[in-house]
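Asks: Build me a structure from this.
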Amino acid sequence: MTARFAGRTTLVTGAGGGIGGACARLLAREGAAVACADIDRAAAGRTADAITAAGGAATAVACDVTDPDSCRDAVAHAVAGGAALDLLVNVAGVGSLRPTGEVTLDEWNRTLAVNLTGTFLMCQQALPLLVESGGSIVNVASVAGVRAVPYNAAYCASKGGVIMLTKSLAVEFGRRGVRANCVCPSSVATDFLASFEFTDAIDRSLFDRASSVIEGPMDPSVVAAAIAYLASDDAAMITGAALMLDGGATS
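Replies: Residues are numbered from 1 along each chain as shown. Predicted coordinates:
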């Protein structure tokens, strides 16, 4: 294992989940000190404990990405003791399958608040520190941000927004030394995917029109590896990218 992130400090949101946990563990194995943030403090703590048990450096912090004060506190936690912030990885997200006519306004607002506004708020709080360090942002968007997924209107809208937010930040902050990229996974084998419920109101055949040529959900470690690449010096000339991890579904 290389040490591409030795001496660097990273903040990962959604670190208690499948993708966020895999990302936090990989970055720590490659030398990063990782602040594991999640709305579920206990879940973040389990990820941090696993990292420290393996000899890495990690702490845990509760963070509600829809709350500006909570985002500010998470960033402050990451740099406590005078560390520089070198990398922000925004993984926290929510979603569900539901016919559009049945989506409540609260459900719509919640999806946009976590997936899009939460990503914006974390970036807004972290960017002054990332400018100082010449750091990087990697956001987790989705193939649903570029290709329509039925019964997923709010999720598609939010992830499309994450992609364009990322591109906008890349242009605005590129000359100030900050890179911003995002990954766009399709199905990932996580509890999040398992929570999607196919009711009788959902026409499963609508999902067949954009199947992948590489079949099956990917392991979260695949997404973590792509995030680590985009965050590393190996990707020094890459910014504003939306990297598709979709098994060829959008090809």
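Asks: Regarding A58, what is its secondary structure?
Replies: Secondary structure for A58, judged by DSSP: H, G, I helix; E, B strand; the rest coil, is strand.
Asks: buried sites along stretch 154-166?
Replies: A154, Y155, C156, A157, S158, K159, G160, G161, V162, I163, L165, T166 (16 or more other C-beta atoms under 10 Å). For the C-beta atoms, the positions are set from N, CA and C on the backbone; glycine is no exception.
Asks: Need these in CSV (columns: pLDDT and distance to F173).
Replies: Shown next, in CSV, are those (pLDDT from 0 to 100; distance: C-beta to C-beta, whole Å):
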residue, pLDDT, distance to F173
A154, 96, 28
Y155, 96, 27
C156, 96, 26
A157, 97, 24
S158, 98, 22
K159, 98, 21
G160, 98, 21
G161, 98, 18
V162, 98, 16
I163, 98, 16
L165, 98, 12
T166, 98, 11
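Asks: Which pair of those spans the longest distance?
Replies: Distance extremes for the buried residues of stretch 154-166: the farthest pair is A154 and T166 at 18.9 Å, using C-beta to C-beta.
Asks: Could you list which residues are in contact with the residue nearest the centre of the chain?
Replies: With distances taken as C-alpha atoms, centre = their mean, V91 lies nearest the centre of the chain, 2.2 Å away. By C-beta atoms under 8 Å, 6 or more residues apart in numbering, the contact list for V91 reads V12, T13, G14, A15, G17, I19, G20, C23, V140.
Asks: V171 versus the spatially closest residue to the second one that is not a sequence neighbour, what's the distance?
Replies: By the measure of C-beta to C-beta, 6 or more residues apart in numbering, the closest residue to T13 outside its immediate chain neighbours is A92, 4.2 Å from it. Counting by C-beta to C-beta, to the nearest Å, the gap between A92 and V171 amounts to 24 Å.
Asks: Point out where the stretch 1-150 of the chain drops to low pLDDT.
Replies: Residue ranges of the stretch 1-150 of the chain with pLDDT under 70: 1.
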